[in-house]
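Visitor: here's my sequence, what's the structure:
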Amino acid sequence: MLNKEALEYLVGLGYEEDVLVETEKGLFSKTKLERVELPQIETLEVSNLTSVVDFMKVNIDRVEGKLLIQVVSPGEVKLLTPLDEDRNRQEILKAAVILPDNIFYRRFMDTESFNIMMQSAFVDNEDKAKILKFTGLIRDEAVKETGDTGIAQKVTIKTGVATVGEAEVPNPVTLAPYRTFPEIEQPESKFIFRMRSGPEAALFEADGGVWKNEAMRRIKEYLIWNLRDVESRYEIIS
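Guide: Numbers count the residues shown, from 1 in each chain. As a prediction, this is how the structure comes out:
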């Protein structure tokens, strides 16, 4: 039979005395207890890396132990607590970048829309200027199918006030769209630039996603540098 101390202990855990049954196989309960989970932290959502740095430096929530900064992707960074007694982490803060909504790949568009996209959503560089100049000179005549080898194309462009000529479409091109946090230098990558009748133009990614690794590396370096005064308070992975 249960002694008094053991019975008091079980009652203290939430068992009622009349639901306990002692058998030769051991002690059983007529009811099943379920653990009450601790309340979860409400994630704070921001849109830039500066807010991550500010949050870490202020330590407004006074979280004990080292926090984990996870660079999830070129557009997302999470701040996580140490493991709790259930071996779980809680997400304190999430930074999700706000990107231009007018960047389209693998889609042909008229040259005016294409130029607007290039001017508003790509970092200035030599190949961007070359494409904008080229699409500004293109005539309404069809792109020459006979001059298309699958890699190089020839199109009719204006070469003077009243003259026209043929020119080869620049290809491939190196461009840097706005596709990660604004605090870091946008990574460049290769694109295939294609044209067709209309005239219409399109960009096709040609680096196999390598730019993502470079962007995540730059995010990590940015955070390490700007959090150097509180480096003992966090670990960072990407």
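
Visitor: packing partners for the longest helix that the chain contains?
Guide: Criterion DSSP state H: the longest helix present in the chain is helix 210-226. Judged by 3 or more Cβ pairs under 8 Å, 6 or more residues apart in numbering; DSSP states H and E, the packing partners of helix 210-226 are helix 49-58, strand 67-73, strand 234-237. C-betas here are computed from N, CA, C, even on glycine.

Visitor: can you do 6 Å?
Guide: The contact analysis (3 or more Cβ pairs under 6 Å, 6 or more residues apart in numbering; DSSP states H and E) places helix 210-226 against strand 67-73.

Visitor: sorry, back to before: just how off-centre is the longest helix of the chain within its chain?
Guide: A distance of 12 Å separates the centroid of the chain from that of helix 210-226, by Cα atoms, centre = their mean, to the nearest Å.

Visitor: other residues contacting it?
Guide: 53, 71, 74, 180, 183-184, 187, 189, 236, 238 (Cβ atoms under 6 Å, 6 or more residues apart in numbering).

Visitor: how about a cut-off of 8 Å?
Guide: 49, 52-53, 69, 71, 73-74, 77, 179-181, 183-189, 231, 236, 238 (Cβ atoms under 8 Å, 6 or more residues apart in numbering).

Visitor: can you pull the pLDDT of the residue nearest the centre of the chain?
Guide: Centroid-nearest residue in the chain: Gly75, 2.1 Å away (criterion: Cα atoms, centre = their mean). Gly75 carries a pLDDT score of 97 in this model.

Visitor: same check on Asp61?
Guide: The confidence metric pLDDT takes the value 75 at Asp61.

Visitor: need the contact list for the spatially closest residue to the residue nearest to the centre of the chain that is not a sequence neighbour.
Guide: In space, and not counting its chain neighbours, Gly75 is closest to Val97: 4.3 Å by Cβ to Cβ, 6 or more residues apart in numbering. Counting by Cβ under 8 Å, 6+ apart, Val97 touches 47-48, 74-76, 180-182.
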